[in-house]
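A.B. asks: Compute the structure for the input listed below.
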Amino acid sequence: MITDLISLAKAAAADAGAPTHDRRFKLWVKRIDKVDQKGNSGYAFHGPFVRDGDVEINEQGTLYLIATAAGSMKYHTTTYTVLRWTGSTFEFTGISTTDKTPGWALRIRDQVIAELNKGKADQGGDDIRSKAIAKLSTFDWNKLSDEALFGIYDQVAGL
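C.D. replies: Modelled structure (predicted):
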């Protein structure tokens, strides 16, 4: 499904209890592909940023980190909220924190790792297809005879 992620993420973050974003401050959304378990800053969350106005094709179960800010220019607070894409909208994962005290990323890092693992379990565990492709890409196909290769092809084509 193709969607304007920024608009939906802002609405979902507000529904989850984050303050309404103040346009004077930078808003960002980042897809979370993996988390560095040793990281203690925002760089621990690996994945691309979603630019305002971008339209993307989303995979169900993908996690996104959204940063919204509100307050005065001198004393504003950024709220970091983790959302899960359900296929048509975002749902709040229950993971949220602010930068009122230092260490916002460290406070949510382990929860996000658990949520990523939960998402993998909900989708049937580790991606077996990816593992099979990785294994096959390292196999030395020159060791097989033509007959064996055609036999493998026939089996795969019959699936």
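A.B. asks: and the lengthiest helix in the chain, what other elements does it pack with?
C.D. replies: Secondary structure assigned by DSSP state H gives helix 104-122 as the longest helix of the chain. Where contact means 3 or more CB pairs under 8 Å, 6 or more residues apart in numbering; DSSP states H and E, helix 104-122 is packed against strand 34-35, strand 45-46, strand 63-71, strand 76-85, strand 90-98. Quick note: C-beta positions are derived from backbone N, CA and C, even for glycine.
A.B. asks: what inclination does the fourth one have with respect to strand 90-98?
C.D. replies: This means strand 76-85. Orientation check (axes from the mean of the first three to the mean of the last three CA atoms, to 10 degrees): strand 76-85 against strand 90-98 gives 150 degrees.
A.B. asks: Please name the strands paired to strand 76-85 in the sheet, noting orientation.
C.D. replies: strand 63-71 (antiparallel), strand 90-98 (antiparallel) (DSSP bridges).
A.B. asks: quick one on the thing from earlier: next, the buried residues of the longest helix of the chain.
C.D. replies: 104-105, 107-109, 111-113, 115-116, 119 (16 or more other CB atoms under 10 Å).
A.B. asks: next one: stretch 11-25
C.D. replies: Buried, per 16+ other CB under 10 Å, within stretch 11-25: 12-13, 16, 18-19, 21.
A.B. asks: In a markdown table, list the residues you listed along with distance to residue 148, secondary structure and pLDDT.
C.D. replies: Below are these laid out as a markdown table (distance: CB to CB, whole Å; DSSP: H, G, I helix; E, B strand; the rest coil; pLDDT from 0 to 100):
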| residue | distance to residue 148 | secondary structure | pLDDT |
| --- | --- | --- | --- |
| 12 | 52 | helix | 75 |
| 13 | 55 | helix | 75 |
| 16 | 55 | coil | 75 |
| 18 | 58 | coil | 75 |
| 19 | 63 | coil | 71 |
| 21 | 60 | coil | 71 |
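A.B. asks: Please consider this matter closed, and thank you.
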